Structure formats: C-alpha cells, structure tokens
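J.: Build me a model:
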Amino acid sequence: MESTTPPQQASLQASSEEPLRPQSGTEATPPNDEPAKNEILALFGDFVSDTGGIDSWLTSNAPPQVLARLTNLDKEPLSREQLNQLLVLSHEAGMSAGFFAYYWLDAPPSHPHDVKKIDGFDQAWLEAKSIQSLGHLRWGLYRFYVDALRCFGNVRSAYRRLRDMSDDDLAEFFAAERFDHEALKQRGKPLSLHSITKDDRYLISEMACKSFDSKSSDLRSALTGAYQAHVRAGGGPISIGQLLEGEHLSQEYADRQQQFVFAADELLDQEVDDIAVLEGKVHDVAQKFEQARQAALSNTSLYLSMVEELDAYVATSMRTRADFRSMASFCEDVFADARLKEMSVRHFDPTMSAAEGHEDKGLIECLMVKCAKVLVYFAGEKESYGKDAEAAMALSLGKPVIFYCDEKQRGRLYRDIHPLSRLINFTTGVAVGAMVTSSKEEVSELIYRLLSNQMEYKIDQPKEGYLRLRETLTGSVVRLQTNDKLLRETFWNYYHRTSASPLV
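T.: Numbers count the residues shown, from 1 in each chain. Predicted coordinates for the structure are as follows:
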C-alpha cells in the first residue's frame, strides 16, 4: 500500500549529503587504518555477527570502503542516502527514510520499551538529521537488533520485514506490542473478592472437597471407623493424626490416607478419648470448609467476570496447608506494590478460587492463562504437571512468564536446566524465555515494567552468530537466535509451512 512521504522524511531527503563518490589518484584506495577498523569492529562486535544479510554488515568481511567511511563518521555525519550506499556495497538492501528516522532520529513514545535506556543514548541525536557518530550509529542499530530478536527471533527476517516501512507504519507496528498503561490506571478497582482467612484457604482444595463433601463426609466416616477400631483394640486417648495411620484406617480408605491427612491438617495433633468429641472437632472444620468453599466459588465467578481485564495469573501447586499459606503471603507481598495498586492490577490468586469439579477447574485455568497479560510461576519445593502445563501454555502463546524460586533452584534448575524456561511462540515461531528471580520485589518490578512498557534489554553473543536477548533486571534470556545454520534455515523455511492436525 503506497502512502505519501511524511514531512520528516521529506526534510531528510531534501537535506541529504552528497553521495559517496569515486576518488581519483592514490585516494581511490581506502587508507590502511587497521586500528580504526578494529575499533569499529569491536564497537559492534558484541551484537553484530556474520549470519548473512544485515547481520553481516559490520564484520571483518565488510568492504574496505565501508569501514573507511565509518572511520570519518565523527567528523562527517552520515545521511540515510550514504548509509544505503554502504549497505548496497555490502550486498544488502537499503532502508526507507521512515526506517532511518525511526531508529536514529527519534525515541518514539509508542515503542514497547524506553529506547532512551539503550546504552550510549544522547538526547542531541533527536535534533539531528543524520547519524552524528559511531556511538549514534551503534545506538540505532542496537535498537533494531533488540526489536528484531524480541519480535522476530531472527535479525535478517526482521530487516526484510521492516526496512521499507514508513515511520508511521513502524510506530503503528510497535504500538500493537504495548500495554495501554494509562488505560490500566484509569479503569479503577474491580469488584472485591470474598475474604477467606489465610489459615483456612487449604480447605478450598480438591482434596479437602473430596474429604468434607456433605453428601458423603468421607473424612468423618473414616475417622469414626478408625476410632471404633482403636476402641476395640483397647482404647485410650489418641491423636487424630494417629487415627489416620495405616493400622487404624480401614482398608476401604487406605488409598486416600494422604488426602485425609491434608484435609485434617489442623486436627492432626489434637487428642480425643470420646467419639462424640471426635465428631465435634470434624464438624467444626467441616463448617470452616463449607464457608471457605462457598467464598472461593463466588470468587471464581468474580474472576470470570474480570477475565477480559486480567493482568497476572499466578501458577503454582499446593500440597500442604503451609503451601497455601506461603502462596497467599506471596500474592499479598507481590501485589502490594504501590505502583501495581495505582494500576489496579487484577491478578488471579489460586488460594482464593475453587470450581465445582476438576474438569471445570481445568477449563477456568486455561481461560485465565489465555487472557492474562503475564504469568507468574511460583516454583515451590516440588514440580507438578499443572503449573508446568500452565507455564508452557503461556510461553507458547508468547506471553511474558516470571519464574519465582529460591536462589539454589534459580541457578541449578530453572535458569540452566529446566526445559520450560525457553519454548516457542506457536504463532510466530519466536523462541520465548522465562524471567527467573528469587526476589518478590523483582517479581513486582518486572510486572510493573511489563505493564508500563519500561522493560530494559541487552544483547550478548557467547559465540559468533548466537545472539541472546536478556532482560536486564534478572539477566534472564528472553529471546535467542541460534548460530546453527542448518537449524536456523530449516526452522524458518519450514516452521510456517506446516499444517495443523485435523480435529479428532
């Protein structure tokens, strides 16, 4: 689709420098300035590699005339027209006036992250009409590489897609990658959830539900049967925890012992010497269960009512009462951040929600993950299929995922080993990595940066052509480009050509 030339572009074209011209005599050969050449290669060498296309431009294979022109850049600013000549001499296509202006002459407020925080930024560049220095050239090119890795996962593909766009088209393209921070602040608070005492939240679990369900009261039946067996064996005071041990529990309930121990957590240390006292204690907890469950079911309705505005989904597994306590405290601490409160951040707290059955629960949680802007993965002490599946689903949707775990887990497992720390956005094919931290404060900070479009990135190149985009707060790899040529070319040549499986 053709468009008129924006005024900024027209100004650039009108004020362009003279093109590169062949020189006469001995000056036809670029000067042999090896130190200057090495300085240029070193300046760009931490992110530019030699994988072909634009990514092979400023490498040791660059034409001598290109490097010779750049050695004089601090004295002779570089126009778009001359930059395009240097690209063509390097066997790469030139760029539009809009692309040049967007990456070197502007710091667009509609960009998904603050480009002024890219190392080396100078405010004076935004008043220029050409590239003023090697530092200026580096800043714009580095910006492009960050965008290329973040949105495309491949530098060459990104340049081919973006190089002909106008600055307005580029602004529109990247605006779609942003969250509307102001709209988040203006929407106000959601309807309040029903309160559940932190110590009672374990009672909303599936195991508690199956134990205290008023239709069967299996825990009550199991305990009274175990107590009667104890009386027949001689009787005497006994703790409720001991009644749930194998020798007292009837064979009918033997395979549910772990479930009953979980549901009766607050009773385990209490002794009884009368069946009526036992039934009374179980009755008291059953009442707490009923109150907690009804509140949690109502909360689920409220979560569903705000699903379109859901900001953060917290994924975890809770196997003990202590797990519920720690999870509740984690959510309280993370979302108490004043900046998140200012945005009235909506988050799904798994200790506050229940469903009528595990199948409905699965549907609800899948919907929440799909709709949430970011997923927070609370690692805990043990792995579980449920939270791993939720994290994998979020990464495969291309969503930001934050892993919270202790320091030992962070270095040993989630950052270096765990296969879920990096997956692929199934729609785009871009490799997506999780951000890993052991700090609640960093979890809050990351959520704030994401929702306010203030993420910060850096690129490293551990081996030539292998580019990793890191989020700067935690140093986590969130995007990457492999240097395996066969893998890279096969991946991008065939990923989008595969057909979906037919419905069963």
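J.: buried ones in stretch 183-191?
T.: Neighbour-count burial for stretch 183-191 flags residue 184 (criterion: 16 or more other CB atoms under 10 Å). Using the backbone N, CA and C atoms, a C-beta is placed for each residue, glycine as well.
J.: ok, how many other residues are close to residue 53?
T.: The number of residues packed near residue 53 is 17, by other CB atoms under 10 Å.
J.: ok, the nearest residue to it once chain neighbours are set aside to residue 47 distance?
T.: The spatial neighbour of residue 53 that comes closest, neighbours along the chain excluded (CB to CB, 6 or more residues apart in numbering), is residue 156 at 3.7 Å. Between residue 156 and residue 47 the distance is 14 Å, computed by CB to CB, to the nearest Å.
J.: what do you get for residue 341?
T.: From residue 341 to residue 47 the distance is 38 Å (CB to CB).
J.: When these two are compared, which one has more neighbours?
T.: residue 47 (21 against 11).
J.: Please, which helix or strand holds that one?
T.: For residue 47, there is no enclosing helix or strand under DSSP states H and E.
J.: ok, it - contacts?
T.: 142, 145, 459-461, 467 (CB atoms under 8 Å, 6 or more residues apart in numbering).
J.: neighbour-wise, which of the residues you listed leads?
T.: residue 467 leads the contacts of residue 47 on contacts (other CB under 10 Å) with 27 neighbours.
J.: Find the nearest non-adjacent residue to that one, please.
T.: residue 481 (4.3 Å).
J.: which residues sit in contact with that neighbour?
T.: By CB under 8 Å, 6+ apart, the neighbours of residue 481 are 51, 149, 153-155, 465-467, 488.
J.: Looking at those, spot the one nearest residue 236.
T.: Ranked by distance to residue 236 (CB to CB), these are led by residue 153 at 68.8 Å.
J.: a helix runs through that closest one, doesn't it?
T.: No: Residue 153 sits outside any helix when classified using DSSP: H, G, I helix; E, B strand; the rest coil, being coil.
J.: right, and it touches residue 428 too?
T.: Yes: using CB atoms under 8 Å, residue 153 is in contact with residue 428, at 7.3 Å.
J.: neighbour count winner among those two?
T.: residue 153 (25 against 14).
J.: where does the spatially closest residue to that one that is not a sequence neighbour sit relative to residue 348, distance-wise?
T.: In space, and not counting its chain neighbours, residue 153 is closest to residue 430: 3.6 Å by CB to CB, 6+ apart. Computed as CB to CB, the residue 430 to residue 348 distance reads 26 Å.
J.: Compare neighbour counts for the two and give me the winner.
T.: Using other CB under 10 Å as the criterion, residue 430 and residue 348 rank with residue 348 on top: 26 against 20.
J.: which helices and strands sit right next to whatever helix or strand residue 365 lives in?
T.: Residue 365 belongs to helix 358-371 when assigned by DSSP H and E. Judged by 3 or more CB pairs under 8 Å, 6 or more residues apart in numbering; DSSP states H and E, helix 358-371 is in contact with helix 275-305, strand 312-315, helix 385-396.
J.: mind running it again at 7 Å?
T.: Helix 358-371 sits against helix 385-396, with contacts defined as 3 or more CB pairs under 7 Å, 6 or more residues apart in numbering; DSSP states H and E.
J.: For the helix it packs on, C-alpha coordinates in CSV please.
T.: The C-alpha trace of helix 385-396 is given here as CSV (Å, rounded to 0.1, in the frame of the first residue of the first chain):
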residue,chain,number,x,y,z
TYR,A,385,2.2,-31.2,35.9
GLY,A,386,-0.5,-28.5,36.4
LYS,A,387,1.7,-25.5,36.9
ASP,A,388,4.3,-26.7,34.4
ALA,A,389,1.5,-27.0,31.8
GLU,A,390,0.3,-23.5,32.6
ALA,A,391,3.8,-22.0,32.2
ALA,A,392,4.3,-23.9,28.9
MET,A,393,0.9,-22.7,27.6
ALA,A,394,1.8,-19.1,28.4
LEU,A,395,5.2,-19.3,26.8
SER,A,396,3.8,-21.0,23.8
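J.: Of all the residues in it, which ones are buried?
T.: Those would be 387-391, 393-395, for helix 385-396 by 16+ other CB under 10 Å.
J.: Next: stretch 154-168.
T.: 154-159, 162-163, 165-167.
J.: Got the domain ranges for this structure?
T.: 17-178, 198-291, 306-452 (automatic domain parsing).
J.: avg pLDDT for the longest one?
T.: Same thing as domain 17-178. Taken as a whole, domain 17-178 has a mean pLDDT of 89.
J.: Tell me where the model's unsure across the stretch 351-500 of the chain.
T.: Scanning the stretch 351-500 of the chain for pLDDT under 70 picks out 382-383, 408-420, 498-500.
J.: Mind doing that once more with 80?
T.: 380-384, 406-421, 498-500 (pLDDT under 80).
J.: the strands in it, which residues?
T.: 374-378, 401-404, 422-424, 431-433, 435-437, 457-463, 466-471, 477-481 (DSSP state E, counting those that start in this stretch).
J.: Which secondary structure elements does the fourth one sit against?
T.: Just to be clear, that refers to strand 431-433. strand 422-424, strand 477-481.
J.: ok, 10 Å please
T.: helix 385-396, strand 401-404, strand 422-424, strand 466-471, strand 477-481 (3 or more CB pairs under 10 Å, 6 or more residues apart in numbering; DSSP states H and E).
J.: residues making contact with it?
T.: 149-150, 153-154, 394-401, 403, 415, 420-426, 468-471, 476-482, 491 (CB atoms under 10 Å, 6 or more residues apart in numbering).
J.: mind running it again at 7 Å?
T.: With contacts defined as CB atoms under 7 Å, 6 or more residues apart in numbering, strand 431-433 is touched by 153, 395, 398, 421-425, 476-480.
J.: So which of these is the closest to residue 187?
T.: residue 398 (23.8 Å).
J.: Test my guess that that closest one contacts residue 429.
T.: No: using CB atoms under 7 Å, residue 398 is not in contact with residue 429, being 10.0 Å away.
J.: With distance to residue 137 as added columns, please give the strands of the stretch 351-500 of the chain in TSV.
T.: Compiled in TSV, the strands of the stretch 351-500 of the chain are given as follows (distance: least, CB to CB, whole Å):
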stretch	distance to residue 137
strand 374-378	34
strand 401-404	34
strand 422-424	31
strand 431-433	28
strand 435-437	30
strand 457-463	16
strand 466-471	19
strand 477-481	21
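J.: Would you state the helices of the stretch 101-250 of the chain in chain order?
T.: Assigned by DSSP state H, counting those that start in this stretch, the helices in the stretch 101-250 of the chain fall at 134-151, 155-162, 167-175, 181-186, 206-212, 218-232, 240-243.
J.: In TSV: those helices, plus distance to residue 335.
T.: Output for those, formatted as TSV (distance: least, CB to CB, whole Å):
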stretch	distance to residue 335
helix 134-151	26
helix 155-162	35
helix 167-175	27
helix 181-186	14
helix 206-212	25
helix 218-232	33
helix 240-243	35
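J.: closest to residue 329 out of those?
T.: Judging these by CB to CB, what sits closest to residue 329 is helix 206-212, at 19.5 Å.
J.: What are the buried residues along that closest one?
T.: Here helix 206-212 shows 207-212 as buried, counting by 16+ other CB under 10 Å.
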